[in-house]
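[1] quick one, fold the following:
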Amino acid sequence: MKLLMIDTATIVASAAIIDEEKLIGETIVNYEKKHSEKLLPAIDHLLKDVGLSIQTMDAFGVVSGPGSFTGLRIGMATAKGFAQALNKPMVTVSTLESLAVNIYYADGIICPILDAQRSQVYTGVYQADGTQVEQIIPDTVCDINELIVYLNKRSEKKYILGDGCQKYYKEIEDKVDNVYQVMPYLAMNRASSAAQIGIRKMKEGKTVDFKEASLMYIRPSSAEERFGK
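    The predicted model follows:
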């Protein structure tokens, strides 16, 4: 089975094709261009590079949040468009779980953070034992100081990654012991990591129809908070 995974939750636009045995191909664009401009050309380029057509995909995956509201909607609309047109199932993957899987081989606490503005971060906490990652705190949005208090309660090594590092890692490092920042090339979202989760969901029969696939914003946008939906 082949899965095309799309990740546009952050400034990084990424797409990957995976099957049960290997990563077939991946494209990553981490540059200041709009997702609406770079996503479809990147997918087209990826398919041509690996010699496959969109019709050969067995399912379409998308990173469903949290993250940039606009980016998430572009990724979801693209994946739904493919799934609807080709009558194929979909899988959705958490942005934060996908980040944690980047360093599944770690031994300790993995704490992905995304900048949620207003001194808040989107985060979830994962336990890694060197072979797998297990979520121990569900995805949420919280004040950075709340996260720091929690991390100080844990004695394990703590690995911090995600786009929130640029803004908050120094503060975390100053206040939390035994904490480590993940290298930049592993600290950003990668569709290949999300695809690993997606292919597992496919094997477990956890796919959805395109009509049922939904985004996980965690909180409403500022416009929705101000004016309502």
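[2] and residue 179, how many neighbours?
    21 (other CB atoms under 10 Å). For the C-beta atoms, the positions are set from N, CA and C on the backbone; glycine is no exception.
[3] beta partners of it?
    residue 158 (DSSP bridges).
[4] next: residue 121.
    Beta bridges link residue 121 to residue 115, residue 142, judged by DSSP bridges.
[5] hmm, it is touching residue 164, no?
    Yes. Between residue 121 and residue 164 there is a contact at 4.8 Å, judged by CB atoms under 8 Å.
[6] which stretches in this protein count as helices?
    Applying DSSP state H to the chain gives helices spanning 35-50, 69-86, 95-101, 144-151, 165-175, 184-187, 191-203, 222-227.
[7] circling back to that earlier point, so between residue 121 and residue 164, which is more surrounded?
    Per other CB under 10 Å, whichever of residue 121 and residue 164 has more neighbours is residue 121, with 27 against 24.
[8] hang on, the earlier thing: okay, the helices of the chain, which one's buried deepest?
    helix 95-101 (a mean of 27; mean count of other CB atoms under 10 Å).
[9] could I get the helices of the chain as JSON lines with distance to residue 25 and mean pLDDT?
    Shown next, in JSON lines, are these (distance: least, CB to CB, whole Å; pLDDT from 0 to 100):
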{"stretch": "helix 35-50", "distance to residue 25": "4", "mean pLDDT": "93"}
{"stretch": "helix 69-86", "distance to residue 25": "16", "mean pLDDT": "97"}
{"stretch": "helix 95-101", "distance to residue 25": "17", "mean pLDDT": "97"}
{"stretch": "helix 144-151", "distance to residue 25": "35", "mean pLDDT": "97"}
{"stretch": "helix 165-175", "distance to residue 25": "27", "mean pLDDT": "97"}
{"stretch": "helix 184-187", "distance to residue 25": "18", "mean pLDDT": "92"}
{"stretch": "helix 191-203", "distance to residue 25": "9", "mean pLDDT": "97"}
{"stretch": "helix 222-227", "distance to residue 25": "37", "mean pLDDT": "42"}
